[in-house]
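> Fold the following for me, if possible:
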Amino acid sequence: MEKLSISDLHIILVEPSDTQRKIITTLLLKENVKEIDPVSTLSEARSAVKAHGADLIVSAMYYEDGTALELLKFIKENDDFKSIPFMLVSSENRLSKLEEFKQAGVAAILPKPFEPLHLSRALNASLDLINHDELELELFDVHDVRVLLVDDSKLARNHIRRVLEGMGLQRIQEAENGATALTLIKDQAFDLVVTDYNMPEMDGRELSEFIRFNPETTHIPIIMVTSESADSAHMANIQQTGVNALCDKPFEPNEVRQMLSALLGN
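Prediction:
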């Protein structure tokens, strides 16, 4: 399958403000996007997606008839559309509100207003999700790498799975919390664990400590996926549990590719 470039993207832009819609359209055109389908409401966005799909959805957070979270869940819970990357553009800075989008599998979150550099990075991150590019490892066949993916959000697991599968990882098992993951780890062998931090029953920190301090599993690389700032003092303490890498949500393919190359290349 031929890889898409930015100029090949068909984008549905959902923005209720005429002024903001014109500004974002202009910036997308400057990035060499050629096909932009502008709509202003949730119902129009759903109709556009159903009518002809899209390669990417760029959306404001609030519309007169609903929210971007409703649109995101509509897409991610529909088998026909769930692979479409979703980019949120919003001035919202409340962590609780943004957390909902991160858990639902948003591909990128841009501030409003944003710089062209932010848009370029987000477009390229979306392309990475669309264009599958297998990871090349010297010591492993990437198809044989056994991955345990742990996250209490089904939508977040779906998003992370798509990123990993796009790099050629095929043997992926899922668990919805650390306790379930622990049961799998005791019965099966894994080459990599990708785990969320905040989970019920047993969180990512407790799971990582068990893996790292158990002689039979201490060798397994662990990537911790979190919505918290990776440079916060709290997350620095998490690294002391033996986590090999911290990855922010949204789960960006290019960043993950570099992590996997480093962790599985040895």
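
> Let's verify Asp37: helix, strand, or coil?
Under DSSP: H, G, I helix; E, B strand; the rest coil, Asp37 falls in the strand class.

> what sits against it?
10-13, 48, 52, 54 (CB atoms under 8 Å, 6 or more residues apart in numbering). Where C-beta positions appear, they are placed from N, C-alpha and C, glycine not excepted.

> are any of these buried, and which?
Neighbour-count burial (16 or more other CB atoms under 10 Å) is assigned, among the contacts of Asp37, to 11-13, 48, 54.

> Tell me which two in those are the farthest apart.
For these, the farthest-apart pair by CB to CB is Ile11 and Ala48; their separation is 10.6 Å.

> Overlap of the contact sets of those two?
37, 54.

> can you pull the buried residues of the one helix or strand Leu127 maps to?
Element membership for Leu127, per DSSP states H and E: helix 116-130. Neighbour counts using 16+ other CB under 10 Å place 118-119, 121-123, 125-130 of helix 116-130 among the buried residues.

> re the thing from before, CSV for the contacts of Asp37, including pLDDT and secondary structure?
Formatted as CSV, those follow (pLDDT from 0 to 100; DSSP: H, G, I helix; E, B strand; the rest coil):
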residue, pLDDT, secondary structure
His10, 97, strand
Ile11, 97, strand
Ile12, 98, strand
Leu13, 98, strand
Ala48, 97, helix
His52, 94, helix
Ala54, 96, coil
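
> Take those residues and lay them out in JSON lines including distance to Glu176.
Formatted as JSON lines, the contacts of Asp37 follow (distance: CB to CB, whole Å):
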{"residue": "His10", "distance to Glu176": "34"}
{"residue": "Ile11", "distance to Glu176": "33"}
{"residue": "Ile12", "distance to Glu176": "31"}
{"residue": "Leu13", "distance to Glu176": "34"}
{"residue": "Ala48", "distance to Glu176": "33"}
{"residue": "His52", "distance to Glu176": "35"}
{"residue": "Ala54", "distance to Glu176": "30"}
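
> Which pair in those residues has the greatest spatial separation?
Leu13 and His52 (14.1 Å).

> Enumerate every residue touching the nearest residue to Thr25 once chain neighbours are set aside.
The shortest distance from Thr25 to any non-neighbouring residue, by CB to CB, 6 or more residues apart in numbering, is to Ile36 (5.7 Å). For Ile36, the contacting residues are 11, 13, 25, 28-29, by CB under 8 Å, 6+ apart.
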